[in-house]
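# Sequence plus predicted model, see below.
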Amino acid sequence: MTQNELKEAVGRAAIAYVPDDCIVGVGTGSTANYFIDALAEIKGRIQGAVSSSEASIARLKKHNIPVFDLNAIDRLPVYVDGADEINHQLQMIKGGGAALTREKIVSAVAEQFVCIADASKYVGVLGNFPLPVEVIPMARSYVARELVKLGGHPAYREGVVTDNGNVILDVHGLRIAEPAKLEAEINQIVGVVTNGLFARRRADVLLLGTEDGVKTYK
Ligand SMILES: O=C(CO)[C@H](O)[C@H](O)COP(=O)(O)O
């Protein structure tokens, strides 16, 4: 199977986690896009969605799925999103699509985080994928110097502005033995909005697309 077929399979499998008559949290990226397309097929049994990016909002609207403001809802039973890497404790690196801050906000509200990923994303130790950090633009150089002190090699993601008007530094060279500790440390740097480690708010369920079918990890 191709990587896209594996992504489509997990996007479809996540529909089983969507309760009737609910508002669904929807993430960002190519795997989340497959989920949105599958959600369109059952849109009659949900109220609508909240999303972590303008790109996903546009896709939801194209399918005529009602999109809600996160501040206008009082409950979010489930959030479905992809990941750039996920370890065996279901901690993740996210933000390859630059949507990490809104992803963290929406997933914080959600009662259950269902991660959908193809098998290439499942790793023993996080850090092969460069860790995205969203930064207030005027703090970019300062934050980069602080990230070097933590042992990383930050690279400015040229030309990318987040939905929040900020920039992204991708931190290479980190082998992340203690994800929750590093998540907190990076978030303490002045000028950092947030980083792409989802260690405290990890996934509750992983649907992993493999050659042997969709595997579920909890
Ligand atoms: O965190 C993300 C976007 O900010 C995505 O979930 C992550 O980049 C995975 O993307 P894809 O499903 O396209 O492989």
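Now that the structure is in, tell me what you want to look at.

# quick one: average confidence on the host helix or strand of residue 40?
Remark: residue 40 resides in helix 30-41, with elements defined by DSSP states H and E. For helix 30-41, the per-residue pLDDT values average out at 98.

# again, but for stretch 154-166
pLDDT averaged over stretch 154-166 equals 98, rounded to a whole number.

# what does that stretch rub up against?
Applying CB atoms under 8 Å, 6 or more residues apart in numbering, the external contacts of stretch 154-166 come out as 53-54, 98-99, 101-102, 130, 132-137, 140, 143-144, 147-148, 167-172, 193. To be clear about C-beta, it is placed using only N, CA and C from the backbone, and glycine gets the same treatment.

# List the buried residues for that stretch?
In terms of neighbour count (16 or more other CB atoms under 10 Å), stretch 154-166 has its buried residues at 154, 157, 162-163, 166.

# from the residues you listed, which two are the most distant?
When CB to CB is used, the two most widely separated members of the buried residues of stretch 154-166 are 154 and 163, lying 21.0 Å apart.

# still on that earlier bit, out of the contacts of stretch 154-166, who's near the ligand?
Intersecting those with the contacts of the ligand gives 98-99 (criterion: CB under 6 Å from any ligand atom).

# filter the contacts of stretch 154-166 to the buried ones?
53, 98-99, 101-102, 130, 132-136, 140, 143-144, 147, 167-171, 193.

# In this structure, mark out all the helices, start to finish.
With helices called from DSSP state H, the chain shows them at 3-13, 30-41, 54-62, 100-109, 140-149, 179-187.

# How far does the fourth one sit from its chain's centre?
Using CA atoms, centre = their mean, to the nearest Å, we find the averaged C-alpha position of helix 100-109 to lie 8 Å away from the chain's own average C-alpha position.

# tell me which residues in it are buried?
100-104, 106-107.

# Could you name the helices and strands sitting against that helix?
Contact partners of helix 100-109 among helices and strands, from 3 or more CB pairs under 8 Å, 6 or more residues apart in numbering; DSSP states H and E: strand 23-26, strand 48-51, strand 78-81, strand 131-135, strand 192-195, strand 197-198.
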